[in-house]
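# Predicted model and sequence below, questions to follow.
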Amino acid sequence: MKRENAVALRSEIADFMSLEAELVDTRRFEEWLGLFSEDLHYRMPMARNLAHQGIRAGVEYLSEPLDVSWFDEGKETLKTRVAQIRTGVHWAEEPLSRTAHLVTNIRIVDLDGLPDDPTEIQVNSKFLVYRNRNADEEDTLIGRREDHLRRVGGSWQIFRRTVYICQTVLLARNLSFLV
Amino acid sequence: MKRENAVALRSEIADFMSLEAELVDTRRFEEWLGLFSEDLHYRMPMARNLAHQGIRAGVEYLSEPLDVSWFDEGKETLKTRVAQIRTGVHWAEEPLSRTAHLVTNIRIVDLDGLPDDPTEIQVNSKFLVYRNRNADEEDTLIGRREDHLRRVGGSWQIFRRTVYICQTVLLARNLSFLV
Amino acid sequence: MKRENAVALRSEIADFMSLEAELVDTRRFEEWLGLFSEDLHYRMPMARNLAHQGIRAGVEYLSEPLDVSWFDEGKETLKTRVAQIRTGVHWAEEPLSRTAHLVTNIRIVDLDGLPDDPTEIQVNSKFLVYRNRNADEEDTLIGRREDHLRRVGGSWQIFRRTVYICQTVLLARNLSFLV
Amino acid sequence: MDIRSLVDIANGTASREIFVEDKIYRRELEQIFARSWLFVGHESQVANKDDFYVSRMGEDSVILTRDRQDKIHVLLNSCRHRGMKLCRYDEGNTRLFSCPYHAWGYSTDGNLVETPGELVGVPGYEKYYHSELQKKEWGLIKAAQMVNYKGTIWATWDPNAASFEDYLGGMRLWLDSALDHRDGREGGSTVLVGVQKWRTNCNWKFPATNFIGDAAHAVSHVSVNLAGINPSGGKGRRDQRASGHAAFGWPDLGHGGLGFLPRSEEEFPREPSFQRYPVVSEYLAEMAAKHKERRKGGTHYQGKGTIFPNMSFHEDQPRTIIVHHPNGPTQTEFWRYYLIDSDAPEEVKDKLRHYYMTYSGPAGMTEQDDLENWTSATQASLGGVARNYPYNYQQGLGHSEVCDLLPGAVWCGETVTEQNQLVWLKRWAEFMEGRNWDELMRRVPIRNDVPFPMKAKEIA
Amino acid sequence: MDIRSLVDIANGTASREIFVEDKIYRRELEQIFARSWLFVGHESQVANKDDFYVSRMGEDSVILTRDRQDKIHVLLNSCRHRGMKLCRYDEGNTRLFSCPYHAWGYSTDGNLVETPGELVGVPGYEKYYHSELQKKEWGLIKAAQMVNYKGTIWATWDPNAASFEDYLGGMRLWLDSALDHRDGREGGSTVLVGVQKWRTNCNWKFPATNFIGDAAHAVSHVSVNLAGINPSGGKGRRDQRASGHAAFGWPDLGHGGLGFLPRSEEEFPREPSFQRYPVVSEYLAEMAAKHKERRKGGTHYQGKGTIFPNMSFHEDQPRTIIVHHPNGPTQTEFWRYYLIDSDAPEEVKDKLRHYYMTYSGPAGMTEQDDLENWTSATQASLGGVARNYPYNYQQGLGHSEVCDLLPGAVWCGETVTEQNQLVWLKRWAEFMEGRNWDELMRRVPIRNDVPFPMKAKEIA
Amino acid sequence: MDIRSLVDIANGTASREIFVEDKIYRRELEQIFARSWLFVGHESQVANKDDFYVSRMGEDSVILTRDRQDKIHVLLNSCRHRGMKLCRYDEGNTRLFSCPYHAWGYSTDGNLVETPGELVGVPGYEKYYHSELQKKEWGLIKAAQMVNYKGTIWATWDPNAASFEDYLGGMRLWLDSALDHRDGREGGSTVLVGVQKWRTNCNWKFPATNFIGDAAHAVSHVSVNLAGINPSGGKGRRDQRASGHAAFGWPDLGHGGLGFLPRSEEEFPREPSFQRYPVVSEYLAEMAAKHKERRKGGTHYQGKGTIFPNMSFHEDQPRTIIVHHPNGPTQTEFWRYYLIDSDAPEEVKDKLRHYYMTYSGPAGMTEQDDLENWTSATQASLGGVARNYPYNYQQGLGHSEVCDLLPGAVWCGETVTEQNQLVWLKRWAEFMEGRNWDELMRRVPIRNDVPFPMKAKEIA
Ligand code: FES
Ligand code: FES
Ligand code: FES
Ligand SMILES: [Fe+3]
Ligand SMILES: [Fe+3]
Ligand SMILES: [Fe+3]
């Protein structure tokens, strides 16, 4: 990819990621869903403490198809989650959590190797998701994300998201908020 | 706005936001004040836990003119705050807190709809402000910010800042540091 | 520097910084080392609580050559640290910590004053480094960084890194992870 | 627990243990917070029928609500079934509190229930409970006594507690000076929308005994004085006060504060104030004139301070209420309310609001330093050695005299004295000893009672 | 500690103190978690020789491991030398656990040691210990008893504890319904790879007494029902259940749950399920047919619930195990396992896995609301006033009858009843009183025993 | 509290409770930290008149300051008025400590006060205190005894404590080997600017009993040995040591460490070191020669270890001091200082500094693993079952003999032994039993005294 295209693409993708986070943090969940493709694969695998050999072998995060995950689902389930929040009686989110999704270190993978007008890209990033609810409850999830985006018309859609959180024992009471 | 202008403007604004945070974190408070216009409106409204109807109605954050806020003031008061710190006997900031303002998800609102050389823009962002003071005291404020900037000569000034923190009960002893 | 070059350089440097953080967080430590020059000076000075006069005098962080630091070393020592982790019996990192380096507020210092194709630049940034290990141990270091980069062929290398953390009493059990 | 060894009123000292020790704290929850009159909120927070506002009494969450008959109630916010926090919103409107866990429903609707908070809806009451559950016994716990005093709501869990009026005693005159309209009408004030709530790692007794009139700590506010938030411009943080300002305390009740020596309404001087904001300045001058007119011939009572145990208020600059909710031995959760004339012009309200927020609350340039000091003092009292050295409250010790002008109060003619801290600590000890209300209100003789140390009578 | 004042089985109430007070919690660790049979893990987690998996028993870390003779062991994961957490990985493969601190080595290799976990490697044993260290006495602490029940591993620290079979009693029949293959074979199930572990600020007794069959709280799941995760499509969160579903409890053992009234295998109705996923639907139908065939003439036992103290399981939708590890008086660490037929087709496994994860665990749309409720109830019970009001467990109190079809069980013909919570609390009190195992298993007469409140016999 | 049941010196075991239990910890603050000699800092940290440096003694904050008469003082950093942390900076220069809260002023100026730390400035002393405050009684609490030992500052709160020299006993000879100049001059060392302070979730007794000479744990440092930070290049983490290195302990005092068997100065071997840095290597060789020359005819004493209770030092590689401040039963706050010859060339200082930092402190490649181990051991000892199993200190038990060459010391001829841990634990128990100083220093007979287990005399 030409340098100037690369600069523009990075700028555009950062904007997209900021928009995505803003939609979810301002509870525009339905608009947020629109940024994901219908064939979305959304997974948040679980990590284990392994000896260094296991780390080297890349099996720290349980990523086999049949492994249990924190999340491993498609768009329909995400939609159901939004629908549940919208019932107004989903006690884990009623009153609604206040969240802030901080997305940093956004990097398009192998940008040099991409054509000038790519239709699919992989975007890696780091995130800190903060949740505050009720009087004093705070949860913070920190980790990295691998997103796969597809160009759809003038914009982008996420068709695969893999979220690697750093915790093995989840230190939050639940995952009722959207990451 | 043309794509290339958009790319350049985003780049410029991110630089501006980084500079702002750096000035305040390196205690160059007077220079920091210079980035705000004289007609600044600076507000940090308070949030409440409301039922979903209240959230939908957009009244979670108390934003009426007469509502009590964490901050709701103009530039003069901000200057007074800096002056207070500079006395050297403002015990809440003596010894001075060490802060880090992490600003992420910087997004220029409705960039496409803007003229090529806009004079006013709205910049949304997320932030994490960390404060450390004395031996072991840590406070972290996380949330989102809506800034309104005006072009002044070759640079920008903030003329409106609204800060939405996620906490309802503030979990910091005080707000003696600048956000 | 011309505006368009500035935009491109910022974009490139942000990409570099994201890559660096990704390498260390995905434990590609040897590749990570490759981003640092052989004449690297890596320092993390310690902070003290001083009266405002001391802050003004710029001596809050102990930065004299003979002052004790958290880190003050060259590339060889960094390599030794990586080698120690790779032994598989470095208990402080066995099992390995899971880290996330969030780098924000990346700013090239005095960009306007630089030539169009600079060979050395100073890059300031903020960071949050999160570490999780074992069942529930969490450490978070937050602060700012001053990096000095040198252009080497088509890419960049860091030849000086100074890391200012906000804590005076380090609230982490150790600094066995790479910052 | 030997309370008398912890607080030595005669010598003006108190053990640090009472500021840091968990065992003592837990006894405070029982002996003080489960028995005293506590500030709950303001009627304007439940302006309409079925409005509710969730508040605190000590560590307990309570619901303040107005029923359809316009009566206000204070209910313990915990489901009687299995303890669920019943109402999870900070405020709202409902007449039926339905528990998220198993849907027990408690009503405040007088058409439905005899006692507000009564248990009305129990799913499966007939089928699964066989109609045997004694619903009347399992309604929400109600405050034993509740009072709406000029818009402020107070409650106690103790059915034997003295009446609110007796509990307040002469301090009521000062509370009036905060709650009455600037033009001299009774009441007529309200609170601005929005309660500032925040946590600070200090023992709750620091703010209680600071706001009771700790004039000596004014020196700690030198930075705001230098930076200047004086509403008439210039240095300082307040307008100039009238003369005759001094500390007064009620040794039999535990209340106290700083206020003006009572005098005839006409004699009370009224200097210009808020001169940076002419609209405010004029409003206040006009109201003051009306006040003087309306109350002429009467006595002018005015002051600010702490009502035992944990409510403090200020009648003027800034006109506010603050509650120091205990949140563990070394943490306090503050709730700050801002008082204002209900019918003041919007611009006046806005300017006052701005001044108050600049002064008070966690972003207040004055309060920030107090919060820092209370925290540092609490923390520095935790050390194994430091703990052994008592605090000193000897400023003006033994120089107090009865003030005939203010019923039940003592003073020593100064603002700067620790008389009031001792007044408060004396009351603290009386509650902590477990005295019953007859003893607390001195309706019966008390063995080994500790008298408040007064100035020795000069022999003529 | 007067346990009887805390739990009033006859009246169906329990003090809030037992859900929040540290002193009681510490006694639970001694009297309950150091004595009861606890769930440790699944044999598939240590499928190969020398595999290990680190689990918990109460607050203690334990190592589950399979030795080279294919025997499974449960060892306390703390070095006997100076306490180091010996194994710091969540899982792996080794036969020698070598301590990071001073390299004491413990072996599970039967060729080397008599007792697995024996201390074999002590650096400097001859030179520095002069061969005087009694190595046999300083091996890893082993669980006093260990059982592999159809793949699930259970252990107790108490050598005097009743046998696992006696401890389980009739509840075993229900556990079988979760662990047996869908086609009716004994066993044949396994757990999916990956254990969800998470912390929640609730007392561990909330989940224990919730999963024991708290049908009344179904109302709290209305949101997931509305959103709909029914595996056959449409609203709701599960397929329609067969009739005859009710609460059963074992008052002498503390177990209980919801299950089906036993009937002949042939009579047990089997409606279609998982109709959104034909492959699953067909698999389950086929297995059900085999089950009926294989077990014909027998009795169909099926249920889910809690095995005292802290293991809960579900036999069906979702087929899972959850352990409520105590982690302080107001915190629980949950470990959730997902059960599946070992030899089910991959696609069937995958669809079930997806449904289970959508239902359970911290991201489960049903479990999320439970977690919120338990936390809120725990927190709201901490207040100084709230603490004084007992919880209510009177739903169906005194309406229980012996169920002859299910050995040792009582029921009242309904799913909606708090009988089982009382069953559990009764057992809790028996352990907490410090009864010995003869008393606990009623092998000896017990003075002042508290009977379970049963329906009064009608006089004919 | 039955201390003897917690520590069994004769059998070489100690209860885990002493490493995790809050009640025991609180007693440690009283019986140990309020009575022992504690390391406070270094005179170079207050090089100039009116310099101050804020340090810790146990959990208490203290001010180390040098007055205008060049005398050094140790003052409790808590205002006597209402407990405020008086000095809130880590270091600075002043002779008047003015409290932020009410401005009480304490002076160290000998022209103004008799006792440093005396209360001099009390705002309103005449007007508001009526000159009645006994200012002399309300000065800052001073350490009861303070000593400047070759630049290191030590203090105790107990006026009855033994003199520092008696308290140190023979261990002084080793402390000298760290504090004396490399060329053999008395003193002549200083600390580098900058104290590393950090928190670790381990009980403070882990580092205290680790640094007393726990040679068996060397195995835990294999990773740094493999990676190699040997200052002469190659593998390992230190230069090769001279022969005759062994563990020595002072059973009557609680100190101990690893050191060299005393021999004549001329016989002490001096191998080259720091060969990666010729400038250092040459400097050290030159100093060693001078040392030998200066002290010829004398005895060479050299060692490192722990001075009871919580100060550890190393005389050589790396030459450092570390203090293990207790910070709750399961947390320690470490403060690390780096020792250096005051007049060494800058480059030598710089290279040593770099080596020390690479070895020690939270980023030190050696210390990191210790910190991990102490934390893991503390955490794994918290479990309800694990708590019941004592730690083992039997390595070399009963093999100690008196070492005539080192006054008051015992040894068993090896570095690898747990003799010293028992020496320390024995002293711990003596303090914890509440023995008075006559008893602690064996000036009076002690009933039921526990002897240190020595090697049985062989019968000739
Ligand atoms: S806890 Fe409220 S209804 Fe059960
Ligand atoms: S603690 Fe395990 S070998 Fe020493
Ligand atoms: S607390 Fe120090 S002067 Fe009052
Ligand atoms: Fe104040
Ligand atoms: Fe449920
Ligand atoms: Fe070590």
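Sure thing, it's come through. Ligands and ions are numbered 1, 2, ... in the order given.

# per-residue pLDDT, residue 24?
You didn't pick a chain, so chain A it is. You'll see A:Val24 listed with a pLDDT of 98.

# oops, I was thinking of chain D
D:Ile24 is given a pLDDT of 98.

# Verify the stated contact: D:Asp67 with D:Thr108.
Yes. D:Asp67 lies in contact with D:Thr108 (C-beta atoms under 8 Å); the separation is 4.4 Å. Using the backbone N, CA and C atoms, a C-beta is placed for each residue, glycine as well.

# overlap in contacts of the two?
Common neighbours of D:Asp67 and D:Thr108, counting by C-beta atoms under 8 Å, 6 or more residues apart in numbering or on different chains, are D:50, D:73, D:95, D:116.

# pretty sure the first one is touching D:Ile63, no?
If I follow you right, that is D:Asp50. No. Using C-beta under 8 Å, D:Asp50 is not in contact with D:Ile63, being 11.7 Å away.

# higher neighbour count, these two?
Ranked by neighbour count (other C-beta atoms under 10 Å in any protein chain shown), D:Asp50 and D:Ile63 place D:Ile63 first, with 26 against 16.

# Please, which helix or strand holds the more buried one?
Using DSSP states H and E, D:Ile63 sits within strand D:60-66.

# Helix, strand, or coil at the residue of chain D found nearest ligand 2?
Using C-beta to the nearest ligand atom, D:Gly384 is the residue of chain D that sits closest to ligand 2, at 29.1 Å. Following DSSP: H, G, I helix; E, B strand; the rest coil, the label given to D:Gly384 is coil.

# Leaving out sequence neighbours, find the closest residue to D:Pro269.
Nearest residue to D:Pro269, sequence neighbours excluded (C-beta to C-beta, 6 or more residues apart in numbering or on different chains): D:Ala242, at 4.7 Å.

# for D:Thr65, that is, sorry about that
Spatially, and ignoring its direct neighbours in sequence, D:Thr65 is nearest to D:Phe52 (4.0 Å; C-beta to C-beta, 6+ apart).

# Also A:Val82?
A:Phe29 (4.4 Å).

# which residues does the residue nearest the centre of chain D contact?
Ranked by distance to the mean C-alpha position of chain D (C-alpha atoms, centre = their mean), the top residue is D:Met311 at 1.3 Å. Residues near D:Met311 by C-beta under 8 Å, 6+ apart: D:38-39, D:321-324.

# Does anything pack onto the longest strand along chain A? Which helices or strands?
Criterion DSSP state E: the longest strand present in chain A is strand A:137-152. On a contact count with 3 or more C-beta pairs under 8 Å, 6 or more residues apart in numbering or on different chains; DSSP states H and E, strand A:137-152 meets strand A:120-133, strand A:155-165, strand C:98-108, strand C:120-133.

# These: which one's closest to ligand 3?
Among those, strand A:120-133 sits nearest to ligand 3 (C-beta to the nearest ligand atom), with 34.4 Å.

# quick one: buried residues of the closest one?
Within strand A:120-133, the residues scored as buried using 16 or more other C-beta atoms under 10 Å in any protein chain shown are A:121, A:123-133.

# Give me the angle between it and strand A:155-165.
60 degrees (axes from the mean of the first three to the mean of the last three C-alpha atoms, to 10 degrees).

# quick one: average pLDDT of strand A:120-133?
Mean per-residue pLDDT for strand A:120-133: 98.

# which strands and helices sit next to that strand?
The contact analysis (3+ C-beta pairs under 8 Å, 6+ apart) places strand A:120-133 against helix A:3-25, strand A:98-108, strand A:137-152, strand B:137-152, helix C:3-25, strand C:98-108.

# and the gap between the closest residue to chain F within chain A and C:Val82?
Nearest residue of chain A to chain F: A:His52, at 10.7 Å (C-beta to the nearest C-beta). To C:Val82, A:His52 is 13 Å away according to C-beta to C-beta, to the nearest Å.

# Then D:Lys292?
From D:Lys292 to C:Val82 the distance is 81 Å (C-beta to C-beta).

# Tell me which residue of chain D is furthest from the middle?
Most peripheral residue of chain D (C-alpha atoms, centre = their mean): D:Lys127, 47.5 Å.

# shouldn't that one be in contact with E:Thr417?
No. With contact defined as C-beta under 8 Å, D:Lys127 does not reach E:Thr417; the gap is 10.1 Å.

# which residues are common contacts for the two?
Listed contacts common to D:Lys127 and E:Thr417 are nil; contacts here mean C-beta under 8 Å, 6+ apart.

# just to revisit the earlier point, number of nearby residues for the residue of chain A closest to chain F?
Considering only other C-beta under 10 Å, A:His52 is surrounded by 19 other residues.

# which residues touch D:His130?
Contacts of D:His130 by C-beta under 8 Å, 6+ apart are E:396, E:399.

# Quick check: phi and psi at it.
phi 50, psi 30 (degrees, to the nearest 10).

# Show me the shaky parts of the stretch 51-200 of chain D.
Of all residues in the stretch 51-200 of chain D, none has pLDDT under 70.

# tell me the pLDDT at the residue nearest to D:Pro269?
In the predicted model, D:Ala242 carries a pLDDT score of 91.

# quick one: secondary structure of it?
Taking three-state DSSP, the label given to D:Ala242 is coil.

# residues in contact with it?
D:260, D:268-271.

# The lowest-mean-pLDDT helix or strand in chain A vs chain E: in contact?
For chain A, counting by mean pLDDT, DSSP states H and E, helix A:52-56 ranks last in confidence among helices and strands (a mean of 93). Yes. Judged by C-beta under 8 Å from any C-beta of the partner chain, helix A:52-56 comes into contact with chain E through A:Gly54.

# Go through that helix and flag the buried ones.
Here helix A:52-56 shows A:52, A:54-55 as buried, counting by 16+ other C-beta under 10 Å.

# Same question for stretch D:207-222.
D:207-217, D:219-222.

# go on, stretch D:257-276?
Applying 16+ other C-beta under 10 Å to stretch D:257-276 flags D:257-263, D:265, D:268, D:273-274 as buried.

# And for stretch D:232-245?
Within stretch D:232-245, the residues scored as buried using 16+ other C-beta under 10 Å are D:232, D:236-239, D:244.

# right, and out of the residues you listed, which lies closest to ligand 3?
Among the buried residues of stretch D:232-245, and counting by C-beta to the nearest ligand atom, the member closest to ligand 3 is D:Arg237, at 19.7 Å.

# Quick check, the residue in the stretch 51-200 of chain D closest to ligand 3?
Nearest residue of the stretch 51-200 of chain D to ligand 3, counting by C-beta to the nearest ligand atom: D:Thr200, 16.5 Å away.
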